[in-house]
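Student: Sharing a sequence plus its predicted fold:
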Amino acid sequence: MKSTTRQSDQWLAVPMFVATVTILTFFSLTVQLFMTELKHPGTEPLFKMFMWLTLGMYPVFWLEAVWYFGLGSPRKWSTLYACILPPLRLARRDMQSGTRLWLPILGWRHIDDDLHEELERDLSVPMIFVAIMILPLLAIDFVWTEQKTKYPALQIFVETGFSVTWLAFTMEFIVMFSVVSKKIDYVKKHWVDLLIICLPLIAFVRVFKMTQLVRLQQVTKASRVYRMRGLALRVWRGLLAMDVISRLARLSPETRIKTLRSLIEEKKREIERLEEEVEEIEASLRPLKPPKPHIDPTACERQTV
């Protein structure tokens with residue numbers, strides 16, 4: 001008979017995944033509307049609406065945490081991460097053993113190196129597609145700056161595309177980070193992705209605080225706020241361009257060969273480590289040989305005489 005925790009994991013997997021994607025979408029739209037370079041008359045009401053929708057989703061994750069605490073689930077404390085940062089719920093491990101993960105299409109899967117390689121292979125195609133799609137947006141943003149100011153619809157199109165890109169990068173990073181065993185190595189390897197995810201959040205918080213300060217002091221000119229906003233956007237899009245170029249470079253045969261060779265070397269080191277561990281275990285299981293008895297040669301001579 002399945003435990004209540006395991007049943008709860010199965011019941012809540014799909015709705016909580018949808019809830020996490022929803023709050024991520026609301027937040028990306030909130031950041032987009034707040035950080036937009038071109039203000040429209042309807043921007044402020046939409047910004048407030050999506051901000052309140054984002055905050056309104058938090059109780060969903062709090063209720064889930066209360067439910068698992070009420071059940072006394074073995075990994076109930078891990079629900080607190082999603083209470084603070086709901087996006088972390090996207091690829092959270094099960095509450096029973098912490099060895100399984102639910103993802104769309106794949107369903108419940110055990111977390112191991114095979115799943116990591118499968119996800120890396122399956123996600124590479126859509127992420128490269130996203131990278132190719134973002135190239136025209138980067139071209140418009142860097143080259144057609146004046147056209148954006150003349151045509152507000154073009155500005156909205158570009159910023160919506162960047163929001164979709166941020167959402168895709170965030171979801172990919174969270175899923176892969178949850179699956180990999182060497183998390184620090186993954187962060188070191190994908191530091192650009194992490195910056196792409198975090199920079200809009202940091203800029204949003206800093207600019208939002210400065211905006212509130214400007215309002216409190218009733219300052220009419222807030223040029224510093226807008227300079228910071230523009231700088232953050234330029235840095236973020238520069239990082240995005242770097243990442244797109246990096247992803248497209250992985251498609252070349254030479255890069256693929258280099259990646260495979262490094263993977264072979266890593267697997268060899270892992271095999272050597274496992275062989276050493278096997279030898280240590282075998283050595284501990286070997287019975288100790290009894291010491292050879294000491295024979296006195298003088299005694300043997302006396303016996304022969």
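Tutor: All right, it came through fine.
Student: any idea how the chain splits into domains?
Tutor: Per automatic domain parsing, the structural domains of the chain span 1-111, 112-262.
Student: between those, which gets nearest to Glu276?
Tutor: Of all the domains of the chain, it is domain 112-262 that lies closest to Glu276, at 18.7 Å by CB to CB. Using the backbone N, CA and C atoms, a C-beta is placed for each residue, glycine as well.
Student: Throw the domains of the chain into JSON lines and include mean neighbour count, thanks.
Tutor: Shown next, in JSON lines, are these (neighbours: other CB atoms under 10 Å):
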{"stretch": "domain 1-111", "mean neighbour count": "16"}
{"stretch": "domain 112-262", "mean neighbour count": "15"}
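Student: Same list (those) but as TSV, adding distance to Leu285 and mean pLDDT.
Tutor: What follows is these, written out as TSV (distance: least, CB to CB, whole Å; pLDDT from 0 to 100):
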stretch	distance to Leu285	mean pLDDT
domain 1-111	28	86
domain 112-262	27	68
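Student: Tabulate these in a markdown table, adding columns for distance to Ser284.
Tutor: Compiled in a markdown table, these are given as follows (distance: least, CB to CB, whole Å):
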| stretch | distance to Ser284 |
| --- | --- |
| domain 1-111 | 27 |
| domain 112-262 | 26 |
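Student: all helices of this structure, in order?
Tutor: 4-35, 43-56, 58-71, 79-84, 113-143, 145-150, 152-179, 183-189, 191-217, 223-249, 253-285, 297-304 (DSSP state H).
Student: Out of those, flag the one nearest Trp102.
Tutor: Evaluated with CB to CB, the helices of the chain place helix 4-35 nearest to Trp102, the distance being 4.0 Å.
Student: between the closest one and helix 58-71, how big is the angle?
Tutor: 160 degrees (axes from the mean of the first three to the mean of the last three CA atoms, to 10 degrees).
Student: what packs against helix 4-35?
Tutor: Packing contacts for helix 4-35, counted by 3 or more CB pairs under 8 Å, 6 or more residues apart in numbering; DSSP states H and E, involve helix 43-56, helix 58-71, strand 100-103, helix 152-179, helix 191-217, helix 223-249.
Student: Now the second one - C-alpha only, CSV.
Tutor: Extracted C-alpha coordinates of helix 58-71, given in CSV (Å, rounded to 0.1, in the frame of the first residue of the first chain):
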residue,chain,number,x,y,z
TYR,A,58,2.3,32.5,-2.9
PRO,A,59,-0.4,31.0,-0.7
VAL,A,60,-0.6,28.0,-3.1
PHE,A,61,2.9,27.0,-2.1
TRP,A,62,2.4,27.8,1.5
LEU,A,63,-0.6,25.5,1.6
GLU,A,64,1.4,22.7,0.1
ALA,A,65,4.0,23.1,2.7
VAL,A,66,1.4,23.0,5.5
TRP,A,67,0.0,19.9,4.0
TYR,A,68,3.3,18.0,4.0
PHE,A,69,4.1,19.2,7.5
GLY,A,70,0.7,17.9,8.6
LEU,A,71,1.5,14.5,7.0
